[in-house]
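Chemist: Next one to model:
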Amino acid sequence: MPEPAESKIESKGRELKVDVLVGESRIAGSAKRFFKKKWYKLVLYLLLFLVAIALINSTVARIYDYWDVGSDSWFARFKGDGWQYQRGAATVAQDPFGDKFSSVRYLWQGWEPADSLWFYNTTQGSDLLPYDFFLALEKPGTTEPFRSNENMNYYRYLPQKATRSNPDGLPVGFVKDSYRDKDYLGFTCAACHTSQLNYNGIGIRIDGGPSGADMDSFLSDLAKGLRDTKENVVSRARFVKKVLERGNYNSESDVISDLDTFSQRITAYQVINSSTTPYGYSRLDAFGRIYNRVLEHILNERQLRQVLEDMASSGKLTREEADAVLSQKVGAVLSGKQRDHIVARVAQLLPRHVQFELRDEIFNSPNAPVSYPYLWDIPQHDYVQWNGIAANAGLGPIGRNAGEAIGVFATLDWSEEPGVSLASFISGQGLKASHISFRSSINVHNLRRIEDKLRSLQSPRWPEDVLPKIDPDRRARGAALFDHYCASCHAEIDPADPHRRIVAHMSRLKDAGTDPAMAENGANYSGLTGILRNQYVGAGPGDVLIDERAPVAALLTKATLNVVATPAGDKNFVRRGLDWADDLLSAFFSNEIKASMKNGNYDSDTTANPYQSLLAYKARSLNGIWATAPYLHNGSVPTLYDLLLPKKGPGDPDQGEYRPDKFQVGSREFEPDKVGLKSSGYEGFTFDTSRKGNSNAGHDYGTKELTREQRLDLLEYLKSL
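Modeler: Numbers count the residues shown, from 1 in each chain. The predicted structure follows:
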């Protein structure tokens, strides 16, 4: 009897199912065997793919970053003498001190044009004021743009033409920084560490050289310009119109609100940092100002209330005034708006003399201005800064640069947050119910890249095709004098050697004999500890517990550690974490400088005085010294020839040659015979060595023994370094 059709279909279905199962089993088995044998290859291919993507991304980013050469010529980068290109340098028609230059020349320092422009225009997270404000602001009392080349040249900032990486033609060292969807004007490292010397109509630009800028006057006039704009109806209307035309503000009220905020902030900054010793050109008390920025941002409500209570108890202000200053309850950390509110209350409610007394209770006077250090060989040093405060080992360079960024108006969005973060654990806050977040605009990623770029910067050589030729006979005689008088502290190095190391030779104050103000302030200044209280910080002899008051050197160290340990505040979670890990690991493991003892004759740190070693000054190698006037750490000697002279003492005869006690600064005109800048014959800033912090004494090794001819011989040798 034939099998029913339904049975045949069912039988075929079972056979088909078996075949499918067998096929699946065979496929699964083959796949299993394949992956068992090939998995490592797949992993390898994946890793190679990721590495390739990273390399492509890095290459594209580098091409983009280093494409700008400051010239319209696309072929400029390929020319053999391309490094001489002017890199966007601009000239000015009129100079306040009569300097003249019609062209700009660069010397070979290991950097191509694209390297210089990247250094000039790479943000470190500095947020001085809204970017549109700087472009729209007028010079006080005029309709001239505050940012005009002529006005910025007056403060001795170097004018630039518009280029791809600097489309608005900002001066060297000024840059647009974007933080939390807002654009700011900020300073880059180049603002303080790029210089120019003029000779026979040629401007010689020096990358990494000490700036001739008068930052203090620039900030004072900027604050005045903002106040005048706020108070003058006609000026304010022009200002608001220009800002709104740029399209980044929605309404006039928004512009006015920010105008009030930043006018008050920059004015308060100038009041806090006023000094009885004027700075003038080529100098700044950077450490004093960095110290005060740290003290401003770590101050909490509890300690501020205690200061006001103590002043009320001593009769310096009434209890009603003290209560009115802190009229509202604030959190553990003062926010930017809360600080603005307190500053406004102080200005409105307290008499002027009481405001200054309150300032002096919280801050220290930045009254020890010093020359801007030159940057070549900085990454190769064991210790840096005039007093050797910053070790270059490990994460030291990033911490040092983060401190510098704090000083030049980085936005510090510090706040209290619940729980524990990896950053707070690393920085030593411990396991608590809440922690202080040290988010900021500081671009740690760029700080690391800048430090890496400086590794290839070399000191400039005396250009004999521009300046008078060096006399070989005098140079030879000068070399012997250098070995006898100078080499024990100022070691000679090969500036082109990629493996060079520079050991800073420290000399205690009484041995150096130079003005002690900067070193003494750095070691002895203290302040209220606020949000850093009860944390620990490493010092020479060991860890130090931060109490109610502490040395500001310790507070700066702790603050920068917290900032560096905290991922960037304006990046997405993934990028923030990856950049943070990459920066810390790269900075630590790529740094070939290891922890070491300081070299020289100085008083060591002790448990009784953990910062005693800061009462000393550093001697460094003198390659490129010819391009770094004025001299001594505080800029109190205008030329190298003057440095080789003794200071006139009470019993010295009037007929001899001595260091000048007063001279002019501000000119960029170079005097090759004395190796320094023009210091007379014009009305610049009068440097008076009798004022606090300005002494031109000390560093007198051999100055009274050398004859005039020997000084000229030694000078000729110093030109050649």
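Chemist: so the residue lying closest to Ala268 once chain neighbours are set aside is in which element?
Modeler: For Ala268, the nearest residue in space outside its immediate sequence neighbours is Val343; the separation is 5.0 Å by CB to CB, 6 or more residues apart in numbering. Just so you know, the C-beta spots here come from the backbone N, C-alpha and C atoms, and that holds for glycine as well. Val343 is part of helix 336-349, with elements assigned from DSSP states H and E.
Chemist: got it, and Val307?
Modeler: In this assignment (DSSP H and E), Val307 forms part of helix 301-313.
Chemist: For stretch 531-544, list every residue counted as buried.
Modeler: Of the residues in stretch 531-544, those with enough neighbours to count as buried (16 or more other CB atoms under 10 Å) are 531-533, 535, 537, 539-540, 544.
Chemist: Which elements pack onto the helix or strand hosting Asp216?
Modeler: Asp216 is part of helix 215-231, with elements assigned from DSSP H and E. On a contact count with 3 or more CB pairs under 8 Å, 6 or more residues apart in numbering; DSSP states H and E, helix 215-231 meets helix 233-245, helix 252-272.
Chemist: residues in contact with that helix?
Modeler: The set of residues that contact helix 215-231 without belonging to it, under CB atoms under 8 Å, 6 or more residues apart in numbering, is 129, 133, 137-141, 146, 155, 157, 191-192, 235-236, 239, 256, 259-260, 262-263, 266-267, 269-270, 275, 278-279, 284.
Chemist: What's the PyMOL syntax to select whichever of those are buried?
Modeler: With 16+ other CB under 10 Å as the criterion, this PyMOL line picks the buried residues out of the contacts of helix 215-231:
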select buried, resi 129+133+137+138+139+140+146+155+157+191+192+235+236+239+256+259+262+263+266+267+269+275+278+279+284
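Chemist: tally of neighbours for Gln380?
Modeler: Each residue near Gln380 was counted by other CB atoms under 10 Å, and the total is 21.
Chemist: ok, it to Lys100 distance?
Modeler: Distance, Gln380 to Lys100, using CB to CB, to the nearest Å: 37 Å.
Chemist: and if you look at Asn153?
Modeler: Distance of Asn153 to Lys100, computed by CB to CB: 13 Å.
Chemist: Which of the two has more residues huddled nearby?
Modeler: It is Asn153, of Asn153 and Lys100, that has more neighbours when counted by other CB under 10 Å, with 21 against 13.
Chemist: Excluding sequence neighbours, find me the nearest residue to the more buried one.
Modeler: For Asn153, ignoring the flanking residues on the chain, the nearest one in space by CB to CB, 6+ apart is Val92 at 4.9 Å.
Chemist: same check, this time on Tyr658
Modeler: Setting aside the residues directly before and after it, Tyr658 is nearest to Lys648 in space (CB to CB, 6+ apart), at 3.8 Å.
Chemist: Now do the SS call for that neighbour.
Modeler: Here Lys648 is coil, with the state taken from DSSP: H, G, I helix; E, B strand; the rest coil.
Chemist: what residues are up against it?
Modeler: With CB under 8 Å, 6+ apart as the criterion, the residues that contact Lys648 are 656, 658-659, 661.
Chemist: Quick one, grab the pLDDT at it.
Modeler: At Lys648, the model reports a pLDDT of 92.
Chemist: again, but for the one 4 residues further on
Modeler: Predicted confidence (pLDDT) for Asp652: 89.
Chemist: residues in contact with the nearest residue to it once chain neighbours are set aside?
Modeler: For Asp652, the nearest residue in space outside its immediate sequence neighbours is Tyr658; the separation is 7.1 Å by CB to CB, 6+ apart. The contact partners of Tyr658, by CB under 8 Å, 6+ apart, come to 645-648, 652.
Chemist: Point me to the helix or strand that includes Tyr658.
Modeler: Under the criterion DSSP H and E, no helix or strand holds Tyr658.
Chemist: one step back: name the surrounding residues that touch the helix or strand following the helix holding Val343.
Modeler: Scanning the chain past helix 336-349 towards its C-terminal end, the next helix or strand to appear is helix 352-362 (assignment: DSSP H and E). If you take CB under 8 Å, 6+ apart as the criterion, helix 352-362 is touched by 271-272, 295-296, 299, 304, 307-308, 310-311, 316-317, 321, 346-347, 350, 527-528.
Chemist: Now restrict the residues you listed to buried residues only.
Modeler: In terms of neighbour count (16+ other CB under 10 Å), the buried residues within the contacts of helix 352-362 are 271-272, 295-296, 299, 304, 307-308, 311, 316-317, 321, 346, 350, 527-528.
Chemist: Which pair of these spans the longest distance?
Modeler: Greatest spacing in the buried ones among the contacts of helix 352-362, by CB to CB: Glu321 and Gly527 (22.9 Å).
Chemist: what's the span of stretch 313-330, first residue to last?
Modeler: For stretch 313-330, the separation between the terminal residues is 23 Å (CA to CA, to the nearest Å).
Chemist: Flag every buried residue along it.
Modeler: 316-317, 321-322, 324-326, 330.
Chemist: now, which of those lie within helices?
Modeler: 321-322, 324-325 (DSSP state H).
Chemist: just those residues now: which is nearest Leu585?
Modeler: Top of the list for closeness to Leu585, among those and by CB to CB, is Val325 at 45.3 Å.
Chemist: what's across from the closest residue to Gly681 other than its chain neighbours in the sheet?
Modeler: In this structure, Gly681 finds its nearest non-sequential neighbour in Gln664, 7.7 Å apart by CB to CB, 6+ apart. Beta bridges link Gln664 to Thr686, judged by DSSP bridges.
Chemist: With Phe438 as the reference, measure out to the residue most central in space within the chain.
Modeler: In the chain, the centroid-proximal residue (CA atoms, centre = their mean) is Glu404; its distance is 3.9 Å. In this structure, Glu404 and Phe438 are separated by 16 Å, where distance is defined by CB to CB.
Chemist: again with Gly280
Modeler: 35 Å.
Chemist: since we're on Asn257, how many residues are nearby?
Modeler: Not quite, residue 257 is Ser, not Asn. Residues lying near Ser257 (other CB under 10 Å) number 12.
Chemist: Contact partners for it?
Modeler: When contacts are counted by CB under 8 Å, 6+ apart, Ser257 touches no other residue.
Chemist: Below-threshold pLDDT in the stretch 551-700 of the chain: ranges please.
Modeler: Filtered on pLDDT under 70, the stretch 551-700 of the chain yields the residue ranges 569-580, 587-588.
Chemist: now the strands: where do they sit in it?
Modeler: Here the stretch 551-700 of the chain has its strands, by DSSP state E, counting those that start in this stretch, at 599-601, 616-619, 662-665, 670-671, 676-677, 685-688.
Chemist: With distance to Ile470 added, can I get those strands in CSV?
Modeler: Shown next, in CSV, are the strands of the stretch 551-700 of the chain (distance: least, CB to CB, whole Å):
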stretch, distance to Ile470
strand 599-601, 30
strand 616-619, 24
strand 662-665, 26
strand 670-671, 15
strand 676-677, 16
strand 685-688, 29
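Chemist: Ok, which of those comes nearest Asp582?
Modeler: Nearest of the strands of the stretch 551-700 of the chain to Asp582, taken as CB to CB: strand 616-619 at 31.8 Å.
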